[in-house]
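Asks: Everything below, folded, please.
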Amino acid sequence: MSRAVAVALLVIFASADAAASPVGDLGSGSTPDAEVVGGTLVLQGQWRDAAAVYFGPREQGPGCTGVLVAPNVVLTARHCLGGITEVLLGATSWVEPDGEFISVISEIPNSTLDIGLLVLAQDSTVRPRVIASGCVVDRSLSNGADVAIVGYGTIDEGASQPSSGLREAFSTVVDHDCSFKSGCQSPGKELGAGGDGIDSCNGDSGGPLYLLTEHYDYLVGTTSRAFSDATVPCSQGGIYIRVDAVIDWIEEVTPASIPRANCNTPPDSTAETLYAIGGKLGSTKISVNDVDSANTHRFVVISAPQFGEAATDDGKGKAFYRSFEADFEGTDSFQVQVIDDGIPAMSSVVTIQVEVAQDAGCGCRTTKPKPGHALWLLLALVGLRRRRR
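Replies: Presented below is the predicted three-dimensional model:
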């Protein structure tokens, strides 16, 4: 059973919803009176790589769903292809779009699986989702694994009530290699998930199925169809195309390079107290314990100190601090995010405690630098240190 929605049907129901149904208020962030097909509205900023797929004027709404896997490549269902005009990314509502529209310049069907590619006219500002592959599949994809179903489709078991917002539902994998559930056509290249009232539905076709792990939510599948023994259109679970089965094909038919997941884990970061003299530069070393020994790291100040300015040096893994006032004496602190280069990138946050003392030879003159001057000097000093390596 296809999970695509006819555009004409969506127009009719969307118009009715806006006037008379609780669903008409979903774009404003309210909660529907009844949650059906196990779904709830997605909060702003969540699942930004999920795409609304359009076949005509925007006011008609999306007819399918997709997911961004490269800056200019969206996956969707093969049965959705034909006449697709654009996608909406980074949004939670199509009635009041809060994301970016990008035109589709090419549609590419897979020859054997219910999956297709949409090549975009330009790169999206949204970060593509990392695909569950290799060691991630080996470690985490099994029956009972936690998944999230995300899409713009209809929200009742009869597939008649559309939603004006992106919705999510949480369930589990029930057939990780699609070897025994009814309707499986490509064992090892499809999987079964959902059921017991939690399911994708019409209009979710091509949308993402995320594999939820301790450190990252990977793209593991795209919505295809209901199990063939389902007695209602939606709610009893369905079949998803395993995206790890088409990574090589994506790279063959597009210029995209798809990063392979490497089971990365967050680094563990610590730092000793940073000691400084009022108005003068002080530093401390950030120690990174990363079980992924091949990773390199970036250091970014994410929470500024109260009484001074801070910077970091990626090359040496150091944090620097200088107080605004030359006669400042006391404590301060700031936070540094340590980001590795794994796939996907992982990070940790370390709080740098600062203790500032007076220079014993100080003439006790207070000098307040002009705005930005202290940080400019600090960065200049860091740059000099970098050039001396």
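Asks: what are the ranges of the helices in this protein?
Replies: Assigned by DSSP state H, the chain shows helices spanning 7-20, 135-140, 247-253, 373-387.
Asks: So which bits of stretch 152-170 are buried?
Replies: Neighbour counts over stretch 152-170 (16 or more other C-beta atoms under 10 Å) mark 152-157, 159, 161-169 as buried. C-beta: built from backbone N, CA, C; applies to glycine.
Asks: my bad, should have said stretch 279-286
Replies: Applying 16+ other C-beta under 10 Å to stretch 279-286 flags 279, 281-284, 286 as buried.
Asks: So which of those residues belong to strands?
Replies: The members of the buried residues of stretch 279-286 that map onto strands under DSSP state E are 282-284, 286.
Asks: quick one on the thing from earlier: nearest to C64, of the buried residues of stretch 279-286?
Replies: The closest of these to C64 turns out to be I286 (C-beta to C-beta; 46.0 Å).
Asks: Now do the same contact list for D229.
Replies: 182-183 (C-beta atoms under 8 Å, 6 or more residues apart in numbering).
Asks: Make residue 1 into 57 and carry on from there
Replies: That works, and once the first residue is 57, the last one we named lands at D285.
Asks: Next one: it relative to K336, how far apart?
Replies: 75 Å (C-beta to C-beta, to the nearest Å).
Asks: For the residue lying closest to A107 once chain neighbours are set aside, give me its contacts.
Replies: Excluding its sequence neighbours, the residue lying closest to A107 (C-beta to C-beta, 6 or more residues apart in numbering) is G122, at 3.9 Å. By C-beta under 8 Å, 6+ apart, the residues touching G122 are 106-109, 130-132, 136, 143, 174, 262-263, 278.
Asks: May I ask which helix or strand of the chain has the lowest mean pLDDT?
Replies: The least trusted helix or strand in the chain, going by mean pLDDT, DSSP states H and E, turns out to be helix 63-76, with a mean of 33.
Asks: Can you give me the neighbour number for W305?
Replies: 16 (other C-beta atoms under 10 Å).
Asks: pretty sure it contacts N166?
Replies: Yes: between W305 and N166 there is a contact at 6.3 Å, judged by C-beta atoms under 8 Å.
Asks: hmm, back to that, for the residue nearest to A107, give its distance to G155.
Replies: Counting by C-beta to C-beta, the gap from G122 to G155 is 13 Å.
Asks: Please report the number of neighbouring residues for the closest residue to L99 other than its chain neighbours.
Replies: The shortest distance from L99 to any non-neighbouring residue, by C-beta to C-beta, 6+ apart, is to T148 (7.2 Å). Using other C-beta under 10 Å, T148 has 25 neighbouring residues.
Asks: next one: I297
Replies: Counted with other C-beta under 10 Å, residues neighbouring I297 total 28.
Asks: got a list of what it touches?
Replies: 133, 169-171, 245-246, 277-278, 280.
Asks: Among these, which ones are in strands?
Replies: Judged by DSSP E, strands contain the following of the contacts of I297: 246, 277-278, 280.
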